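Enquirer: predicted structure and sequence below. I'll ask about it afterward.
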Amino acid sequence: MTLQISATNPEHPALLLALPWHTPLEQWPDEYLVPLPRGISRHVVRYARAGEETVAVKELAERPALREYELLRTLDRLGIPAVDPLGVVTGRTEADGSPLEPVLITRHLGGSLPYRSMFETTMRPGTVHRLMDALAVLLVRLHLTGFAWGDCSLSNTLFRRDAGAFAAYLVDAETGELHPRLSDGQRAYDIDLARVNISGEMLDLEAAGALHPSIDPIAFGLEIEERYQALWSELTRTSVYPAGEYHYMERRIRRLNDLGFDVAEMQISHADHGDTVTFVPKVVDAGHHQRQLLRLTGLDAEENQARRLLNDLESWMATQDDYAPGDRHGARTEVLAHRWVREIFRPAVRAARDHVPTRTDAAELYHELLEHRWSLCEQAQRDIELDAAVADYVGKALTPDDSGT
């Protein structure tokens, strides 16, 4: 058989060729290996050095190796937190010609640890709760993209500290399936597996004396389901608000942002009697709002600024009688976006700049105006017109010296 290396980067095959592919993975000499903590796996897994890269090498049959490689590449394109696939090596043989299993190669996720390494020192219950939060967020993100994991567990996840919390990354996609959309049954199956797997892993830790005595392994298995359901509901539920009370929609968007998700667009429909608005956010991971704002309005802003401006644009469009998403007789989004720039964004920025000397760029200034309006709405518990918010912002910003008094 001929050794073949399929890789995502043209430079990787040359680096990977230096590794001892004609030796069974569990017999690789120490000179090739990197001593990093490994989680539990049904396969032989080793960390090795390939040039400047540290890679994880996993032996498994050819078909599942190629399948998992493609699934990980797809998850990478979708922006899902998962290990980075580098390649698959097939056609491996020993010196005497005996066949060896192919290997899947992924990049080591720097700063990450398998859960067992994290429990080497007894973790406090609060820390374990944050671990469950991270895993629940990962599972929700996978399900939002239509990915059924099929084996959600602590063992198939790597964790990395993230500003006092944890970020969870998928490691093993061997059992995963990608669909246009998951049914409730498919999601429930994943959640049930997660509950059983996590309870079993916690029981193992308890038997090894590595679990805090106040932690109930079975209760923690149930906790992942509770946290998942609460997060999924917040991300996907339909809200009905009184017409004209758009600060309620903004409150919902802020809650989603606090959970680490962004709103790509909103489905907004008015009731026939005209006094309620049904609001369904479409949630995505962060990263695309700058391009969308530039495409719709020509405004070039930072990502957080762009997200804030797009949210305001969506809310404003919902108030326009000629806005009908999906209706060919309704105004096109691009047309309304340019109207928003001309009639809302520029006049508000101009009004503030005429009275408040500032070097702040237009997008940041408009963001400050929106934040001020939000504060006024929260205080009054009703909608405040943008013009009134701008006037209040200007009045509060003018010091005695600025006003000449």
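Expert: Nice, I can see it.
Enquirer: so what's the gap between stretch 294-304 and the chain middle?
Expert: Remark: stretch 294-304 is offset 21 Å from the chain centroid, using CA atoms, centre = their mean, to the nearest Å.
Enquirer: check stretch 107-126 too.
Expert: 20 Å.
Enquirer: what about that stretch, how long is it end to end?
Expert: 30 Å (CA to CA, to the nearest Å).
Enquirer: what comes up buried for that stretch?
Expert: For stretch 107-126, burial by neighbour count (16 or more other CB atoms under 10 Å) applies to 107, 108, 109, 112, 113, 114, 115, 116, 118, 119, 123. Using the backbone N, CA and C atoms, a C-beta is placed for each residue, glycine as well.
Enquirer: doesn't residue 160 make contact with the fourth one?
Expert: Yep, that's residue 112 we're talking about. Yes. Under the criterion of CB atoms under 8 Å, residue 112 makes contact with residue 160 at 4.4 Å.
Enquirer: overlap in contacts of the two?
Expert: residue 169 (CB atoms under 8 Å, 6 or more residues apart in numbering).
Enquirer: still on that earlier bit, which one among the buried residues of stretch 107-126 gets closest to residue 240?
Expert: residue 115 (40.8 Å; CB to CB).
Enquirer: any idea of the pLDDT on the closest one?
Expert: Confidence at residue 115, expressed as pLDDT, is 83.
Enquirer: and the gap between it and residue 198?
Expert: With distances taken as CB to CB, to the nearest Å, residue 115 is found 10 Å from residue 198.
Enquirer: what segments of the stretch 201-350 of the chain are helices?
Expert: 217-236, 247-258, 289-297, 303-317, 333-340, 346-355 (DSSP state H, counting those that start in this stretch).
Enquirer: which neighbours do residue 115 and residue 198 have in common?
Expert: In contact with both residue 115 and residue 198: residue 154, using CB under 8 Å, 6+ apart.
Enquirer: comparing the helices of the stretch 201-350 of the chain by mean pLDDT, which bottoms out?
Expert: helix 247-258 - the lowest mean pLDDT of these, at a mean of 73.
Enquirer: tell me what that helix is packed against?
Expert: helix 217-236, strand 239-242, strand 262-270, strand 276-284, helix 303-317, helix 362-380 (3 or more CB pairs under 8 Å, 6 or more residues apart in numbering; DSSP states H and E).
Enquirer: now it: buried residues?
Expert: 247, 248, 249, 250, 252, 253, 256, 257.
Enquirer: show me which of those is closest to residue 370.
Expert: Looking across the buried residues of helix 247-258 and measuring by CB to CB, the closest to residue 370 is residue 250, at 8.5 Å.
Enquirer: the closest one reaches residue 315, doesn't it?
Expert: Yes. Counting by CB under 8 Å, residue 250 touches residue 315, with 6.8 Å between them.
Enquirer: ok so, going back, which of the buried residues of stretch 107-126 fall in helices?
Expert: Of the buried residues of stretch 107-126, the ones assigned to helices by DSSP state H are 115, 116, 118.
Enquirer: check what pLDDT the last one gets.
Expert: If you check residue 118, the pLDDT there is 78.
Enquirer: still on that earlier bit, export the buried residues of helix 247-258 to JSON lines and tack on distance to residue 36?
Expert: Below are those laid out as JSON lines (distance: CB to CB, whole Å):
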{"residue": "247", "distance to residue 36": "49"}
{"residue": "248", "distance to residue 36": "49"}
{"residue": "249", "distance to residue 36": "46"}
{"residue": "250", "distance to residue 36": "45"}
{"residue": "252", "distance to residue 36": "42"}
{"residue": "253", "distance to residue 36": "40"}
{"residue": "256", "distance to residue 36": "36"}
{"residue": "257", "distance to residue 36": "35"}
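Enquirer: with respect to residue 146, which of those residues is nearest?
Expert: The closest of those, once distances to residue 146 are taken by CB to CB, is residue 256, at 19.4 Å.
Enquirer: excluding chain neighbours, give the residue nearest to residue 215 in space.
Expert: Of all residues not flanking residue 215 in the chain, residue 125 sits nearest, at 5.7 Å (CB to CB, 6 or more residues apart in numbering).
Enquirer: should've said residue 217
Expert: For residue 217, ignoring the flanking residues on the chain, the nearest one in space by CB to CB, 6+ apart is residue 202 at 3.4 Å.
Enquirer: residue 132 touches residue 222, doesn't it?
Expert: No. Using CB under 8 Å, residue 132 makes no contact with residue 222, being 10.3 Å away.
Enquirer: between these two, tell me which one has more neighbours.
Expert: Per other CB atoms under 10 Å, whichever of residue 132 and residue 222 has more neighbours is residue 132, with 21 against 13.
Enquirer: so that one is in which element?
Expert: Here residue 132 sits within helix 125-144, counting by DSSP states H and E.
Enquirer: in that helix, what's buried?
Expert: 128, 130-144.
Enquirer: average model confidence for it?
Expert: Rounded mean pLDDT across helix 125-144 is 84.
Enquirer: tell me what angle it forms with helix 217-236.
Expert: 50 degrees (axes from the mean of the first three to the mean of the last three CA atoms, to 10 degrees).
Enquirer: got the CA positions of the helix or strand residue 190 falls within in PDB?
Expert: For residue 190, the host element (DSSP H and E) is helix 184-207. Extracted C-alpha coordinates of helix 184-207, given in PDB (Å, rounded to 0.1, in the frame of the first residue of the first chain):
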ATOM      1  CA  ASP A 184     -37.100  17.900  18.600                       C
ATOM      2  CA  GLY A 185     -36.500  14.200  18.900                       C
ATOM      3  CA  GLN A 186     -32.900  14.400  17.600                       C
ATOM      4  CA  ARG A 187     -32.200  17.100  20.100                       C
ATOM      5  CA  ALA A 188     -33.800  15.200  22.900                       C
ATOM      6  CA  TYR A 189     -31.700  12.100  22.000                       C
ATOM      7  CA  ASP A 190     -28.500  14.200  22.200                       C
ATOM      8  CA  ILE A 191     -29.600  15.700  25.600                       C
ATOM      9  CA  ASP A 192     -30.500  12.300  27.000                       C
ATOM     10  CA  LEU A 193     -27.100  10.900  26.000                       C
ATOM     11  CA  ALA A 194     -25.300  13.900  27.500                       C
ATOM     12  CA  ARG A 195     -27.200  13.400  30.800                       C
ATOM     13  CA  VAL A 196     -26.300   9.700  31.000                       C
ATOM     14  CA  ASN A 197     -22.700  10.100  30.000                       C
ATOM     15  CA  ILE A 198     -22.000  13.000  32.300                       C
ATOM     16  CA  SER A 199     -23.600  11.200  35.300                       C
ATOM     17  CA  GLY A 200     -21.400   8.200  34.600                       C
ATOM     18  CA  GLU A 201     -18.300  10.300  34.300                       C
ATOM     19  CA  MET A 202     -19.100  12.100  37.600                       C
ATOM     20  CA  LEU A 203     -19.600   8.700  39.300                       C
ATOM     21  CA  ASP A 204     -16.200   7.700  38.100                       C
ATOM     22  CA  LEU A 205     -14.700  10.800  39.500                       C
ATOM     23  CA  GLU A 206     -16.500  10.200  42.800                       C
ATOM     24  CA  ALA A 207     -15.100   6.700  43.000                       C
END
